[in-house]
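# Show me the folded form of this:
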Amino acid sequence: MKKVAVLLSGCGVFDGTEIHEAVLTLLAITQAGATYQCFAPDITQMHVVNHLTGEVNNDESRNVLVESARIARGEVLNANALEVSQFDALVIPGGFGAAKNLSNFATTGSHCHIQPIVENFIREFALAHKPVGFVCVSPVMIPNIYGKGAIGTIGTDSDTAHAFNEMGGKHKAAQVEDIVVDEANKIVSTPAYMLATSILEAHIGIDKLVTKVLEMA
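Take a look at the predicted model:
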């Protein structure tokens, strides 16, 4: 039975993991006959957003690992506990947490860097030639991990695609139900809520992504 690591970035689309994407990912992995283990970095998230009003709450601070435990029903490990030999693949759901907590793409664009613990986590899979699935905005981390010419998609947003290419990646436009595959680097990406207008639309691409990642494992 294949086992997939799932890297979370908090809880909530505006300051953490997009919850629908995370749950759809976990469901697709299970439906495919594989198992999963959630991980998250033990770091303070960039800021806290009131998801009802969209306003930033500057008086509150939250921890990415603690918040991710909400999605994982408490079954989440610190990212520094990874033993990559125990896993066949990795999937990273999106949400602004990927661009605010796992990396700082949201504030620096193409000049972004990835949190060191997160970079090491993903790079373990890359160095082991194990497939990684990037969902929604999380593909912005691909160029920094895989280097020049690595292929991925965030959908059709021209500004984000331009930044992806500026970082050395090769962006391919895709629709919500599509996946983009970099066979050489064993990368799969899909736009999900970068384009999705419903949970069903997000499900189609995520299900395809998980299927392909497991096929490549």
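# Could you pull up the residues touching the spatially most central residue of the chain?
For the chain, the residue sitting closest to the mean C-alpha position, by C-alpha atoms, centre = their mean, is Ile92 at 2.7 Å. By C-beta atoms under 8 Å, 6 or more residues apart in numbering, the contact list for Ile92 reads Val6, Leu7, Ala98, Leu102, Ile122, Val132, Gly133, Phe134, Val135, Ser138, Met141. (Each C-beta comes from the backbone N, C-alpha and C, glycine too.)
# what's the closest of those residues to Ala184?
Val132 (12.9 Å; C-beta to C-beta).
# Is the residue nearest to that closest one when sequence neighbours are not counted in a helix, a strand, or coil?
Once flanking residues are discounted, Val132 sits nearest to Leu90: 4.6 Å by C-beta to C-beta, 6 or more residues apart in numbering. Under the three-state scheme (DSSP: H, G, I helix; E, B strand; the rest coil), Leu90 adopts strand.
# Phi, psi for the residue in the chain sticking out farthest from the centre please.
Residue farthest from the centre of the chain, counting by C-alpha atoms, centre = their mean, is Asp59 at 27.4 Å. In terms of degrees, to the nearest 10, the main-chain angles of Asp59 are phi -90, psi 0.
# that older thread, okay if I get the contacts of Ile92 as CSV plus secondary structure and pLDDT?
Output for the contacts of Ile92, formatted as CSV (DSSP: H, G, I helix; E, B strand; the rest coil; pLDDT from 0 to 100):
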residue, secondary structure, pLDDT
Val6, strand, 99
Leu7, strand, 99
Ala98, helix, 98
Leu102, coil, 98
Ile122, helix, 98
Val132, strand, 98
Gly133, strand, 98
Phe134, strand, 98
Val135, strand, 98
Ser138, helix, 98
Met141, helix, 98
